[in-house]
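**Q** Sequence plus predicted model, see below.
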Amino acid sequence: MNKLITGAIIMAAVIAANVVFADTTDLLPIGDKDGISIAKYPVTNAEYARFVKATSHPAPRYWKGGEFPNGKERHPVLWVSYDDARAYCEWLGKKDAAHAYRLPTEDEWEAAAGETPTDAKFNFNGVVASHYMKENPKRLVTFVHPKSALKGKSMPLDEVISIGSDGRHVRGWVNHRDYTGFIYTDLFKELSETGGYTMPVDAYPETKSACGALDMWGNCWEWTCTEIVAKNGAERGNVVNAIKGGSWYANRNSCFTSFRGEGRRPSGCYNTVGFRVVAVRTAATKAVSETFTRIAEIEVHPEWLERYLEAARTVGAESVAKEDGVTCIFPMQQKEHPNIIRIVEIYRDEAAYKAHLASPHFRAYKEGTPHMIKSLKLVPMRPLDESGMKHIFNKQK
């Protein structure tokens with residue numbers, strides 16, 4: 001029960017008309033998502049630099065002296081946390097009275113992307129490996145990770161990595177068991193520290209998504225405002241924000257729209273993760289932000305069921321009793337499958353929802369239950385008859 005759609009919406013301030021946007025903030029409608037559009041490209045270094053200059057927000061760590069690497073103005077910005085991306089959305093919203101800006105949900109991102117064509121061209125680790133192997137396959141690289149079984153040893157690049165005949169499968173890219181492979185070499189470290197092997201966001205103009213957006217597959221992962229229980233990598237088993245689209249570091253299959261389960265901590269910054277924005281027409285945003293309603297779909301590990309039910313009951317009861325803005329947090333479990341939980345959440349408005357996130361009883365729930373949860377999906381809902389809601393709750397008195 002953490003940051004999702006309404007909690008991620010940054011309401012636009014009413015500022016002057018005649019708004020001028022950077023070219024990479026061209027907006028494209030998302031299928032049947034009425035009033036919601038997505039940026040044609042991910043946010044670039046040049047765009048983010050304007051935000052940093054205007055707000056004195058900290059620059060990403062790979063920028064030197066507050067300046068992005070030379071020649072990378074149209075590359076996607078990296079090393080930005082979820083919170084950094086939200087701050088950018090807030091700043092962007094102040095320039096446009098007609099829209100509120102936020103990060104996409106996972107469903108919105110997938111709807112905008114559509115199915116990944118099997119022959120799609122984009123930037124992934126096969127492209128990176130091919131570049132260096134073509135440039136100088138005999139270049140010596142040194143293993144530098146302190147835990148590497150080969151620490152301090154140097155060898156030719158073509159003895160570290162190889163590429164399949166189709167150019168899509170890279171061997172020797174990583175070995176987490178003994179910290180060997182390309183990503184533990186000085187060459188990769190140098191690459192990462194200068195912003196990764198990214199490309200301009202319009203490097204593959206022929207590879208368009210379902211809505212016409214570019215660069216949705218490969219180059220950089222993109223933040224979403226949907227929380228999941230991660231199924232992959234170091235975050236596996238933890239509640240994180242879903243990321244989509246793969247990156248220059250990822251294998252090809254990880255870049256496909258259908259690939260799910262990848263996520264990152266919202267406070268973290270990563271050398272493979274950037275973002276693109278969605279815009280919600282202000283009128284549409286107002287309609288859904290007056291009352292924030294959703295259903296949490298949770299599957300609990302059976303061995304933790306009783307402990308989880310206790311935690312869910314406690315946070316639900318305390319939230320309703322202590323927070324004026326919480327109308328309902330009502331946990332339920334399926335009769336036939338008692339470890340399948342549904343929680344109906346209704347908040348007075350966005351401000352009440354944000355206040356709930358900061359409450360001590362919610363923080364205790366949040367910190368005490370991640371290991372109990374096998375899967376989590378937060379489904380935003382819209383009341384069909386909001387005016388009738390008060391009658392429902394009055395009837396229960």
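**A** Yes, it's here. Residues are numbered from 1 along each chain as shown.
**Q** Could you tell me which residues within stretch 249-268 count as buried?
**A** Residues of stretch 249-268 classed as buried: 249-252, 254-257, 259, 262-266 (neighbour count, 16 or more other C-beta atoms under 10 Å). To be clear about C-beta, it is placed using only N, CA and C from the backbone, and glycine gets the same treatment.
**Q** Low-confidence ranges, the stretch 201-350 of the chain, go.
**A** Scanning the stretch 201-350 of the chain for pLDDT under 70 picks out 283-289.
**Q** where exactly do the helices run in it?
**A** Secondary structure of the stretch 201-350 of the chain by DSSP state H, counting those that start in this stretch: the helices cover 282-289, 305-322, 350-357.
**Q** Out of those, indicate the one that is most buried.
**A** Comparing the helices of the stretch 201-350 of the chain by mean neighbour count (mean count of other C-beta atoms under 10 Å), helix 350-357 comes out on top with a mean of 18.
**Q** Tell me the helices and strands packed up against it.
**A** If you count contacts as 3 or more C-beta pairs under 8 Å, 6 or more residues apart in numbering; DSSP states H and E, helix 350-357 packs onto helix 5-8, strand 292-300.
**Q** still on that earlier bit, could you find which two of the buried residues of stretch 249-268 are furthest from each other?
**A** Comparing every pair within the buried residues of stretch 249-268 by C-beta to C-beta identifies 252 and 266 as the most remote, at 26.9 Å.
**Q** Can you tell me which of the buried residues of stretch 249-268 end up in strands?
**A** Per DSSP state E, strands hold the following members of the buried residues of stretch 249-268: 263, 264.
**Q** Where do the domain boundaries of the chain fall?
**A** The record's domain parsing of the chain by automatic domain parsing lists 5-120+200-283, 130-183, 290-395.
**Q** Distance to residue 191 for those domains - can I get that in CSV?
**A** Converted to CSV, the domains of the chain look like this (distance: least, C-beta to C-beta, whole Å):
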stretch, distance to residue 191
domain 5-120+200-283, 9
domain 130-183, 9
domain 290-395, 33
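**Q** between those, which gets nearest to residue 193?
**A** domain 5-120+200-283 (6.0 Å).
**Q** could you dump the helices of the stretch 201-350 of the chain to JSON lines with distance to residue 100?
**A** Listed next are the helices of the stretch 201-350 of the chain as JSON lines, based on distance: least, C-beta to C-beta, whole Å:
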{"stretch": "helix 282-289", "distance to residue 100": "4"}
{"stretch": "helix 305-322", "distance to residue 100": "26"}
{"stretch": "helix 350-357", "distance to residue 100": "10"}
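**Q** Select, out of these, the one closest to residue 150.
**A** Of all the helices of the stretch 201-350 of the chain, it is helix 305-322 that lies closest to residue 150, at 43.7 Å by C-beta to C-beta.
**Q** mind checking which helix or strand residue 190 is in?
**A** In this assignment (DSSP states H and E), residue 190 forms part of helix 186-193.
**Q** Please save the CA atoms from that helix in PDB.
**A** Provided in PDB are the C-alpha atoms of helix 186-193 (Å, rounded to 0.1, in the frame of the first residue of the first chain):
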ATOM      1  CA  ASP A 186      37.900  -1.900 -15.400                       C
ATOM      2  CA  LEU A 187      36.500  -1.300 -18.800                       C
ATOM      3  CA  PHE A 188      32.900  -1.700 -17.500                       C
ATOM      4  CA  LYS A 189      33.700   0.400 -14.500                       C
ATOM      5  CA  GLU A 190      34.900   3.200 -16.800                       C
ATOM      6  CA  LEU A 191      31.900   2.800 -19.000                       C
ATOM      7  CA  SER A 192      29.500   3.000 -16.000                       C
ATOM      8  CA  GLU A 193      31.100   6.000 -14.500                       C
END
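**Q** ok, residues contacting it?
**A** Contacts to helix 186-193, defined as C-beta atoms under 8 Å, 6 or more residues apart in numbering, come from residues 62, 128, 132, 139, 141, 142, 143, 144, 157, 182, 197, 271.
**Q** Give the rounded mean pLDDT of it.
**A** Mean pLDDT, computed over helix 186-193, is 93.
**Q** what's the closest of the helices of the stretch 201-350 of the chain to residue 99?
**A** Nearest to residue 99, of all the helices of the stretch 201-350 of the chain, is helix 282-289, at 6.2 Å by C-beta to C-beta.
**Q** Burial check on the residue nearest to residue 161 when sequence neighbours are not counted, number of neighbours?
**A** Excluding its sequence neighbours, the residue lying closest to residue 161 (C-beta to C-beta, 6 or more residues apart in numbering) is residue 172, at 4.1 Å. By the criterion of other C-beta atoms under 10 Å, residue 172 has 17 neighbours.
**Q** which residues touch residue 172?
**A** The neighbourhood of residue 172, defined by C-beta under 8 Å, 6+ apart, consists of 160, 161, 162, 181, 182.
**Q** Throw these into CSV and include secondary structure and distance to residue 93, thanks.
**A** Putting the contacts of residue 172 into CSV (DSSP: H, G, I helix; E, B strand; the rest coil; distance: C-beta to C-beta, whole Å) gives the following:
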residue, secondary structure, distance to residue 93
160, coil, 46
161, coil, 44
162, strand, 48
181, coil, 42
182, helix, 41
